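> Whatever this is, show me its structure:
(one chain, ligands or ions: 1)
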Amino acid sequence: MRTRTIKIENRLVGDGYPCFVIGEIAQAHDGSLGTAHAYIDALARAGVDAIKFQTHIASAESSPDEKFRINVFPQDGSRYDYWKRMEFSKDQWHSLFEHARRKNLIFLSSPFSFEAVDLLEALGVPAWKVGSGEVTNLPMLKKMAATGKPVLISSGMSSWSDMDEAVSTVTDNGGQVALFQCTTSYPCPPEKIGLNVIGELQTRYLRPVGLSDHSGTIYPSLAAVTLGAKLIEVHAVFSKDCFGPDVGASLTIPALTQLVEGIRYIEAMANSPLDKDAEARELEELRLLFGKSLYTRGDLPKGHRLEAGDIALKKPGTGIPAKNIDRVIGKRLIRDYRADEQLHESDMDD
Ligand SMILES: C=C(OP(=O)(O)O)C(=O)O
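Okay, the predicted model is just below:
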C-alpha cells in the first residue's frame, strides 16, 4: 500500500523519505517574543525539521465572552485576553520566520482564523497545519487548499466522517494532504494514544500519516515511527517548571533531542533489513570463535570407545560441531588423547 508524497518546502514527506519532525511551541512563549526567538535556537540545536507556532488573532477567532477551558492565567480576565496576550504583530512574525530560516528550520504555524491564514500566507509559510479544533472549520480549510500548499490535518476529537469531510474539502480544492493521529488530552495517557489509528488513516486516505503527540514522553513517537509514521509533531518546552497549559504534554529540549536521535536510529534500522543467511556467511569467523566443538574431558587412551561422559562442549567451534556429538559416540580412538584436546573425526574409526 503506497501513499502519496507531499512536499514541504524542499522536503519530500511520505514513503521512502525520512520522518518529518515538527517541534511545536504553541503558547510556550507565553506571549514573549524573546522567548519565542529563544525556542528557535533551541529547536535548531535539537535537530528537528520544522518549528511550529500557533497564530492567534484574538479579534478574529475569539469573542470577549469565550469561556476558559481551565483558567490557569490569573493575569487574563478572559480567554479573549489570553489570546490577545499571545499575539505577535506581522513584523514580529516576520522576524520569527526569518530567524527560523537562518537556522535552517522550516517555519510552520497553525492559523485559527482567515486573518491568520492571510498573515501566514504573506510570510510565505510552505504548508498549513490544521489543529484538531479547526478540522470542522471547512471554510478555512478551503482557503488553505486554494494556496496549493500541503495541508497537514490533525484528528483529535474528530470522527471518521469529520475527517472524510476535511480531507475531501482540501483535495476537492486542489490541495495535498497529510494526516495526524492526535488525541486531545494534555498530557495524553498511553491508553489514549491510538497507535492503531496511524494504520487506519493510511489505509483510508493513502496519504502520509503522522502522530501529533501530547504524552510529554518520547515513547509514542518512537513507536509511531516504527509503525510507519512519516510526520511527528511534539510540543517543546524549556523546562517542566515553565508556566503554561501545555507544559505537562511537552518534551524538554534534551528529550526532544533524544527523540530526533531515536527517530533517525529507527530509520537507519528500518532502511537496512537483514538477510540472516547472508549475515551468517559474513560472520563465519565469529561463528567459529563463539561456536562449540567436541573436546575430551580427561585423558583417553588409543583404542578407547567414546562415551557421552568423555566429551565436553567447548569453544572455539573449529572442531567437530557440538550438534554432531551423537555421530562420534561409540567410535574408537586411533591415538591417545590428553584432557582438553579438541576431537577430530580423522582420529577415530568405527
Ligand atoms: C492544536 C494543534 O494541533 P494538534 O491538534 O495536532 O495538537 C495545532 O497545530 O495548533
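
> Contact residues of the stretch 201-350 of the chain facing the ligand?
212, 233 (CB under 6 Å from any ligand atom). Quick note: C-beta positions are derived from backbone N, CA and C, even for glycine.

> Do you have the helices of the stretch 201-350 of the chain handy? List them.
For the stretch 201-350 of the chain, helices defined by DSSP state H, counting those that start in this stretch occupy the ranges 219-226, 253-270, 276-282, 284-290, 325-328.

> Most tightly packed of those?
With neighbours defined as mean count of other CB atoms under 10 Å, the helices of the stretch 201-350 of the chain peak in mean count at helix 219-226, which reaches a mean of 21.

> low pLDDT regions in the chain?
For the chain, the stretches with pLDDT under 70 are 70-72.

> what packs against whichever strand or helix holds residue 197?
Residue 197 belongs to helix 195-205 when assigned by DSSP states H and E. Secondary-structure packing of helix 195-205 (3 or more CB pairs under 8 Å, 6 or more residues apart in numbering; DSSP states H and E): helix 160-172, strand 177-182, strand 209-213, helix 219-226.

> quick one: contacts for the residue in the stretch 251-350 of the chain that the ligand sits nearest to?
Taking CB to the nearest ligand atom, the ligand has its nearest neighbour within the stretch 251-350 of the chain at residue 251, 13.6 Å off. Contact partners of residue 251, counting by CB atoms under 8 Å, 6 or more residues apart in numbering, are 216-218, 234-237, 259.

> just these now: which is nearest residue 320?
For the contacts of residue 251, the minimum distance to residue 320 (CB to CB) is 49.3 Å, reached by residue 218.

> quick one, phi psi at the closest one?
Note on residue 218: its backbone torsions stand at phi -90, psi -10 [degrees, to the nearest 10].

> Can you tell me the closest non-neighbouring residue to it?
residue 259 (4.3 Å; CB to CB, 6 or more residues apart in numbering).

> can you check residue 136 too?
Residue nearest to residue 136 in three dimensions, not counting chain neighbours: residue 162, with 5.9 Å by CB to CB, 6+ apart.

> Around that neighbour, count how many other residues there are.
Residue 162: 16 surrounding residues under other CB atoms under 10 Å.

> again, but for residue 69
Neighbours of residue 69 using other CB under 10 Å come to 9.

> What's the separation between it and residue 245?
8 Å (CB to CB, to the nearest Å).

> One more: residue 113?
Taken as CB to CB, the span from residue 113 to residue 245 is 20 Å.

> Check residue 232 too.
Distance, residue 232 to residue 245, using CB to CB: 21 Å.

> Neighbour count: these two, which is higher?
Higher neighbour count among residue 232 and residue 245: residue 232, with 26 against 18, using other CB under 10 Å.

> so who does that one touch?
By CB under 8 Å, 6+ apart, the neighbours of residue 232 are 19-22, 210-211, 213, 221, 224-225, 259, 263.

> In the helix holding residue 197, which residues are buried?
Using 16 or more other CB atoms under 10 Å as the test for burial, helix 195-205 gives 197-198, 201-202, 205.

> circling back to that earlier point, I'd assumed residue 222 was in contact with the residue nearest to residue 218.
Yes: with contact defined as CB atoms under 8 Å, residue 259 counts as touching residue 222 (7.1 Å).

> Show me what the residue nearest to residue 311 when sequence neighbours are not counted is bridged to.
Of all residues not flanking residue 311 in the chain, residue 294 sits nearest, at 5.3 Å (CB to CB, 6+ apart). Beta-bridge partners for residue 294, by DSSP bridges, are residue 313.

> Quickly note the distance from residue 294 to residue 225.
47 Å.

> do the same with residue 176
21 Å.

> again with residue 244
Residue 244 sits 27 Å away from residue 225, taking CB to CB as the criterion.

> just residue 69 next, same as before
30 Å.

> what's the answer for residue 296, then?
To residue 225, residue 296 is 53 Å away according to CB to CB.
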